[in-house]
Each structure stands twice: as structure tokens, then as C-alpha cells.
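# I'll drop the sequence and a predicted model, then ask my questions.
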Amino acid sequence: MSKTPLQFRHNGREVAIFVDGGTNLLVALRELIGDMTPKFGCGQGGCGTCSVLVDGELYLSCLTLAETVAGRSVETLDSLKQGPNLHPLQRAFADNFAAQCGYCTPGMLMAAKALLDRNPQPSRAEIVEAISGNICRCTGYEPIINAILAASGGRASA
């Protein structure tokens, strides 16, 4: 099978790789670029742990064909930090105990970033809707909701 050249922006830098037909974005990011921050969860689009932003919109990378991001911008969890400094969402997750086992954390953070980028002051209901495609096994969701509220300035950290 022949490989297809693929160029896109990954966390602000241009990348060029070759992908097999049918390769999903998650495999391209993890195995071809080496960005391990999007996690493999269910592989069926039901858990949200592989969530990334494509041109600012939330995508499930396990269901997105890699070739569809040609010429576009892909942001992963790795794009949030600035050197040793955590992004305000990451800090709020830590301060509010919103990250426990880590299974859902990458997807939750990317879903929260997508929400706050388009709506910096969301309501609790809007936060619940924004993270509804992400499964959390540990926290019961309340610490995650509180962390997103804290990052948006909607409520002080715990």
C-alpha cells in the first residue's frame, strides 16, 4: 500500500509525515509524531480521552482520518503548557483535584479549552454539556466541573 504525504500544524509547528490510507489521527499523532498526550481509550469515539482541537473545534482523534487534517491546525494537551508553566486549566484541575487516575484528563482538558476559547464565562450547564462526550472513571465529574468554573473565574478553587 502506498503512503500519502500529510502536512499540518501540530501545536503551532509545521509537520510533514507519510500515512497509510485509513490511518486515524490518534495513530498519526502518537506513532508518527511522538505526541503521547492524546490517549487511546475505547477506539470507538465513546470515551473522549483522545480529544484534540482541529482548527479550534473538538475532534475525537480515534475517529478522525489523519488525511482530513491536511493544511489545518491540530492542538493536543501538549500545546497547553508554556515551558514549565501550567495552563490555567491545568492549574485549576490540580487545585480542584480534578485529575485522579489520568484516563480522562487529556480529553477533559481539551474539551474545557474548546469551551473556554469560545465562551470564557460558561455556566455550569454549559460546562456539563461541553464535557458530556468524555467519560471519567474516578472523580464523579464535580471536581472537573469545579475546575473549569475556577479556570473561567466562575468560582474560587477548592
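That came in fine, so what should we check first? Residues are numbered from 1 along each chain as shown.

# where along this structure do the strands fall?
3-10, 13-20, 51-54, 57-60, 73-75 (DSSP state E).

# so which of these is the most packed in?
strand 51-54 (a mean of 24; mean count of other CB atoms under 10 Å). Where you see a C-beta, it was placed from the backbone N, CA and C, and this is true even at glycine.

# Which residues does it contact?
Defining contact as CB atoms under 8 Å, 6 or more residues apart in numbering, one finds that strand 51-54 is touched by 25, 29, 38, 58-61, 64, 69, 72-76, 106-107, 110-111, 113-114, 133-134.

# Could you tell me which of these belong to helices?
Restricting those to those inside helices, with DSSP state H as the criterion, leaves Leu25, Pro106, Gly107, Met110, Ala111, Lys113, Ala114.

# My guess is the fifth one contacts Glu57. True?
No: shown here, Ala111 and Glu57 do not form a contact pair, counting by CB atoms under 8 Å, at 11.1 Å.

# Let's see the pLDDT reported for the residue positioned nearest the centre of the chain.
The residue at the geometric middle of the chain, judged as the C-alpha nearest the mean C-alpha position with CA atoms, centre = their mean, is Met110 (3.1 Å). What the model reports as pLDDT for Met110 is 98.

# Which residue comes closest to it once chain neighbours are left out?
Ser51 (4.4 Å; CB to CB, 6 or more residues apart in numbering).

# for Gly154, same thing?
Setting aside the residues directly before and after it, Gly154 is nearest to Gln121 in space (CB to CB, 6+ apart), at 6.7 Å.

# Distance of that neighbour relative to Ile148?
When CB to CB, to the nearest Å is applied, the distance between Gln121 and Ile148 equals 11 Å.
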